[in-house]
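In: Build me a model from this:
(chains A and B)
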2 protein chains.
Amino acid sequence: MTEAELKKPQESLQDRLAQVVELLHRHKLVESLAHRQEGEHQERVENLVQRQNLVELQRKLDDLHPADIAHILEALPLDERLTVWQLVKAERDGDILLEVSDAVRETLIADMDDHEILAATRDLDADELADLAPELPRDVVHELMESLDAQQRERVRSALSYEEDQVGALMDFEMVTIRDDVTLEVVLRYLRRLKELPGHTDKLFVVDHDGVLTGVLPIKRLLVNDPEKRVAEVMASDPVTFHPDEDAHHAAQAFERYDLISAPVVDRNDKLIGRLTIDEMVDLIREESENEVLNMAGLREEEDIFASVWKSLRNRWAWLAVNLVTAFLASRVIGVFEGSIEKLVALAALMPIVAGIGGNSGNQTITMIVRAMALDQVSTGNTMRLLRKELGVGLINGLVWGGVIGAVAWYLYGDWALGAVMTGAMTLNLLLAALMGVLIPMTLVRLGRDPAMGASVMITAMTDSGGFFIFLGLATLFLM
Amino acid sequence: MTEAELKKPQESLQDRLAQVVELLHRHKLVESLAHRQEGEHQERVENLVQRQNLVELQRKLDDLHPADIAHILEALPLDERLTVWQLVKAERDGDILLEVSDAVRETLIADMDDHEILAATRDLDADELADLAPELPRDVVHELMESLDAQQRERVRSALSYEEDQVGALMDFEMVTIRDDVTLEVVLRYLRRLKELPGHTDKLFVVDHDGVLTGVLPIKRLLVNDPEKRVAEVMASDPVTFHPDEDAHHAAQAFERYDLISAPVVDRNDKLIGRLTIDEMVDLIREESENEVLNMAGLREEEDIFASVWKSLRNRWAWLAVNLVTAFLASRVIGVFEGSIEKLVALAALMPIVAGIGGNSGNQTITMIVRAMALDQVSTGNTMRLLRKELGVGLINGLVWGGVIGAVAWYLYGDWALGAVMTGAMTLNLLLAALMGVLIPMTLVRLGRDPAMGASVMITAMTDSGGFFIFLGLATLFLM
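Out: Numbers count the residues shown, from 1 in each chain, chains lettered A, B, ... in the order given. Below is the predicted model:
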């Protein structure tokens, strides 16, 4: 896209979405009228109105940037989404497919026949094809690969050989390379012959005869230096580089930390094989934080907000089932103390307070630790220090809030011993919450797992069973 | 910084952090030895070793990028953090202060006297000064402002006049402006005279005599077009622009969507007043998602992971107190049914399952909705459709998992009616969870609040009280 194509960006996306929705609804209204009134003349008129609506909608869509259309598709329920998708010009399909989320992309591809998919993906670059390939029908991928030249095919294969979270899967191949023995004047003339530079070109890559990266020439330096100077004098000879098998997460952190716009990707022999750009990194940063939120809530993956009930169930069942088992265990803990509850029924009313506060406090701790781990601020080496701090917070919270609730219990049930047991149980459960809030993510990391993985479900399980056991246990010991 | 300054970026940040920590610990070990053994000769030797350690540590720090030092400072407990901070060269203090989080910045500034702060901030740009100003002592800010020229002072004032989340607070003033009636050749010569271009210069801003923005000249176009052409022929005349009072959140979305690197900020008369760059937007995107996670867990703000116990308490108390009140209310709901529990103590053991599953399921729903709202994918207009879907998911989950648990309860307590009550209560509570999971964030948005605000605490409160009431109520109706 060129900047000039971005019409009226000040008109907010929400406005544009609203306009599209309105046109869609007008279209549907007419459609349902046409179904009801079967008179032939009537029908012809309705058809005309309807066609006009669609034409207006199509004109609207043609004006929009692919990223905006992607956004609108994501915000529409399935039936309306497909109506809009059919109105989008075929040659823009590829760009839009690249922009939508995986969940929505699936619904769009399911609506296209092989022929349409081939047409949509024909003009894409190797790295873009590799992005889409896993979700395309096998036959189509095969046919697409056949149509590529040897170099392109090799690039798609190479990109597909990396894991989703490796640098190799995110790099593109649109790098402009130069030699270090020419003058800047020659470089400027060379660029002019290219007619167009790839997006995000803030530096040119300097390579030797074997394609080995020897430095980078930032465009900034190309512009301010004397054109008579040679590239070797002006280039930065020790740039930030990445390897294709590196963790993309680390690459994104480096982009953020060093304010990079593009960076070369080299193999083990320092041969230039691709480049990373900030736009891919921004998407990654966004995705990462989203996954953290989803994982903590026990959701498996991004869910299309208008996904069918069945799809949603599949996404959510895993952790609900885990939760069911842990809730059942907590229930059995209570079952052990049924005798005590029978004697003092107040215990049944008070026990969820102990469990609830523990869960809330534990969630706060685990959220802090998971976040700090995601930012590489804590390692398993800090465990003891963090534990001391969180236990301190838990102890004070337990004594203060436990004291308050203990006093209330004493007042309500006229039994000071019950109040004391309440305070003691709250304090112990908050200490347990602090302990588990630190240990669960640390242990998950030691086991090589994502520390956010169902963190909320796990900590709640601990503080529920633990809270019931501590409270009912203390009550049985001291009040029976 | 220049690219060449980034030494060995492949050496991971964790490694560098580990090296610094090792040097710090060696330093401390020697210090504690020196305290114990008071012999004068001994002391001199120890001092020597210690000084060597510090020199090595200082050399290590001098090699590091300010962003890396900032990261290390954030990952260190307070005492070690201040030791490292004192070793950092004074002229780098300003850059590092800009990189650290607010919570850590506060601890560093508290350790500096006015003189040091002035020295650290002397060389900063107007927008950078404005970033730091709110956290600096009043006298220092006053003195700093005095030392600036009129234009700089005006810029700092202007930046400070915007809210933290407005475009005006994030823009910088380092834009390169040109006229549209000159040739590209003239522009190239002009740039060469500048000696250096500001970071993230991917486009030049074209203004008329009154400073009104008439277009932008992407560097890419400057490079590939014939130098004889005039700027007006080559420039993009309808660029994406922002207003200083616009929501920075929307600007970040636009940067992400249109893959921007820099963009002009104009006032109501289209006069160019500053520019936004992708690095600020990346920081904002990162912050936004972090706040979402923190808000959902009921944490008020970013917390320095090594903050004192008292600071942590302050951050966490607000929502804990809310949770305490809601837990107390849930407890009173149970209190109402104490008679029923006394007759059938199994109710006490089973009721947390109903509440727990409701909480878990409600958290999944609310997480989905809050996320989709953050991405502008749903508005309050979609409420009915989303509600239908979530109620569908809740109904099926309730019948399936409620059925399972009902069967288990029947088996355990040999009472089919108890099992049926269990299934019915689970289903109703999951429907309540779905209803509240959609309505809570929608209502918060209608009230102009952040939909993530303590979402988790609120939904859990609803599903706890609701679950107890539904289960014990059904049990009292059908089993007593």
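
In: For the helix or strand hosting A:Asp131, name the packing helices and strands.
Out: For A:Asp131, the element it lies in under DSSP states H and E is helix A:126-132. Helices and strands touching helix A:126-132, by 3 or more Cβ pairs under 8 Å, 6 or more residues apart in numbering or on different chains; DSSP states H and E, are helix A:93-99, helix A:150-160. Any C-beta I mention is one placed from the backbone N, CA and C, and that applies to glycine too.

In: How are the strands of chain A distributed by residue range?
Out: When assigned using DSSP state E, the strands of chain A occupy the ranges A:177-178, A:203-207, A:213-218, A:262-266, A:272-277.

In: and B:Arg189, which of the ones you listed is closest to it?
Out: strand A:213-218 (19.2 Å; Cβ to Cβ).

In: and the closest one, C-alpha only, in PDB?
Out: The C-alpha coordinates for strand A:213-218 follow below in PDB (Å, rounded to 0.1, in the frame of the first residue of the first chain):
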ATOM      1  CA  LEU A 213      27.200 -10.400   6.000                       C
ATOM      2  CA  THR A 214      30.000  -8.000   6.700                       C
ATOM      3  CA  GLY A 215      27.900  -5.100   8.000                       C
ATOM      4  CA  VAL A 216      24.900  -2.900   7.500                       C
ATOM      5  CA  LEU A 217      24.500   0.500   5.900                       C
ATOM      6  CA  PRO A 218      21.800   2.500   7.700                       C
END
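
In: and the angle for it with strand A:272-277?
Out: Orientation check (axes from the mean of the first three to the mean of the last three Cα atoms, to 10 degrees): strand A:213-218 against strand A:272-277 gives 30 degrees.

In: what's strand A:213-218 packed up against?
Out: Other helices and strands packing on strand A:213-218, by 3+ Cβ pairs under 8 Å, 6+ apart, are strand A:203-207, helix A:231-234, strand A:262-266.

In: how about the strands of chain A in a markdown table, adding mean neighbour count?
Out: Listed next are the strands of chain A as a markdown table, based on neighbours: other Cβ atoms under 10 Å in any protein chain shown:
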| stretch | mean neighbour count |
| --- | --- |
| strand A:177-178 | 16 |
| strand A:203-207 | 24 |
| strand A:213-218 | 22 |
| strand A:262-266 | 24 |
| strand A:272-277 | 24 |
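
In: can you redo those as CSV with mean pLDDT?
Out: Listed next are the strands of chain A as CSV, based on pLDDT from 0 to 100:
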stretch, mean pLDDT
strand A:177-178, 95
strand A:203-207, 96
strand A:213-218, 96
strand A:262-266, 96
strand A:272-277, 94
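
In: From A:Asn295, how far out is the residue nearest the centre of chain A?
Out: Compute the mean C-alpha point of chain A, and by Cα atoms, centre = their mean the closest residue is A:Glu287, 2.2 Å away. Computed with Cβ to Cβ, to the nearest Å, the distance linking A:Glu287 and A:Asn295 is 12 Å.

In: and what of A:Ile353?
Out: For A:Ile353, the distance to A:Asn295 (Cβ to Cβ) stands at 28 Å.

In: just A:Gln58 next, same as before
Out: 40 Å.

In: what is whichever residue of the stretch 101-250 of chain A sits closest to chain B paired to in the beta sheet?
Out: Here the stretch 101-250 of chain A gets closest to chain B at one residue, A:Ala236, 3.7 Å apart by Cβ to the nearest Cβ. In this entry, A:Ala236 is beta-bridged to A:Val216, by DSSP bridges.

In: ok, A:Ile353 and A:Asn295, which is more surrounded?
Out: The residue with more neighbours, out of A:Ile353 and A:Asn295, is A:Ile353; 30 against 21, by other Cβ atoms under 10 Å in any protein chain shown.

In: Give me the nearest residue to the more buried one, chain neighbours excluded.
Out: Nearest non-adjacent residue to A:Ile353, counting by Cβ to Cβ, 6 or more residues apart in numbering or on different chains: B:Ala327, 4.4 Å away.

In: same thing with A:Lys195?
Out: B:Val224 (5.7 Å).

In: pretty sure that neighbour contacts A:Tyr190?
Out: No: applying Cβ atoms under 8 Å, one finds B:Val224 not in contact with A:Tyr190, separated by 10.3 Å.

In: Those two: which has the busier surroundings?
Out: Neighbour totals were compared for B:Val224 and A:Tyr190, and B:Val224 leads with 18 against 15 (other Cβ under 10 Å).

In: Domain-wise, how is chain A divided?
Out: When chain A is parsed with automatic domain parsing, its domains come out as A:3-170, A:177-296, A:309-479.

In: got a pLDDT number for the residue of the stretch 101-250 of chain A closest to chain B?
Out: In this model, A:Ala236 is scored at 92, pLDDT.

In: Would you confirm that it contacts A:Val216?
Out: Yes: applying Cβ under 8 Å as the test, A:Ala236 and A:Val216 come out as touching, 5.4 Å apart.

In: hang on, the earlier thing: most tightly surrounded among the domains of chain A?
Out: Between the domains of chain A, domain A:309-479 has the highest mean count of neighbours, a mean of 21, where neighbours are mean count of other Cβ atoms under 10 Å in any protein chain shown.

In: Which of the helices and strands packed on strand A:213-218 sits closest to A:Lys220?
Out: If you check each of those against A:Lys220 by Cβ to Cβ, strand A:203-207 wins as the nearest, at 8.5 Å.

In: who does that closest one pair up with?
Out: Assessed with DSSP bridges, strand A:203-207 is paired to strand A:177-178 (parallel), strand A:213-218 (antiparallel).

In: got CSV for those, with distance to A:Glu116 too?
Out: What follows is those, written out as CSV (distance: least, Cβ to Cβ, whole Å):
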stretch, distance to A:Glu116
strand A:177-178, 36
strand A:213-218, 40
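
In: What sits closest to the closest residue to chain B within chain A if chain neighbours are left out?
Out: Nearest to chain B in chain A, going by Cβ to the nearest Cβ, is A:Ser289, at a distance of 3.0 Å. Among residues not flanking A:Ser289 along the chain, B:Ser289 sits closest, at 3.0 Å (Cβ to Cβ, 6+ apart).

In: ok, back up a step: contacting residues around the residue nearest to A:Lys195?
Out: Neighbouring residues of B:Val224 by Cβ atoms under 8 Å, 6 or more residues apart in numbering or on different chains: A:Leu191, A:Arg192, A:Leu194, A:Lys195, A:Glu196, A:Leu197.

In: Point out where chain A drops to low pLDDT.
Out: A:1-13, A:28-49, A:297-298, A:300-303, A:379-381 (pLDDT under 70).

In: isn't the residue of chain A closest to chain B right up against B:Leu284?
Out: No: assessed by Cβ under 8 Å, A:Ser289 is found out of contact with B:Leu284, at 12.0 Å.

In: Overlap of the contact sets of those two?
Out: Between them, A:Ser289 and B:Leu284 share no contacting residue under Cβ under 8 Å, 6+ apart.

In: can you list contacts of stretch A:299-314?
Out: A:74, A:76-78, A:81, A:101-104, A:107, A:290-291, A:294, A:315-316, A:318-319, B:364, B:367-369, B:372, B:377-378, B:385-386, B:389, B:392-393, B:396-397.

In: So which of these are in helices?
Out: Using DSSP state H, the members of those that fall within helices are A:74, A:78, A:81, A:102-104, A:107, A:290-291, A:294, A:315-316, A:318-319, B:364, B:367-369, B:372, B:385-386, B:389, B:392-393, B:396-397.

In: Can you name the residues that contact the residue lying closest to A:Val336 once chain neighbours are set aside?
Out: Nearest non-adjacent residue to A:Val336, counting by Cβ to Cβ, 6+ apart: A:Leu472, 7.7 Å away. Shown in contact with A:Leu472 (Cβ under 8 Å, 6+ apart): A:Val333, A:Ile334, A:Val336, A:Phe337, A:Ser340, A:Ile341, A:Leu347, A:Met351.

In: Give me the nearest residue to the fourth one, chain neighbours excluded.
Out: Distances taken as Cβ to Cβ, 6+ apart place A:Leu472 nearest to A:Phe337, at 3.8 Å, with adjacent residues excluded.
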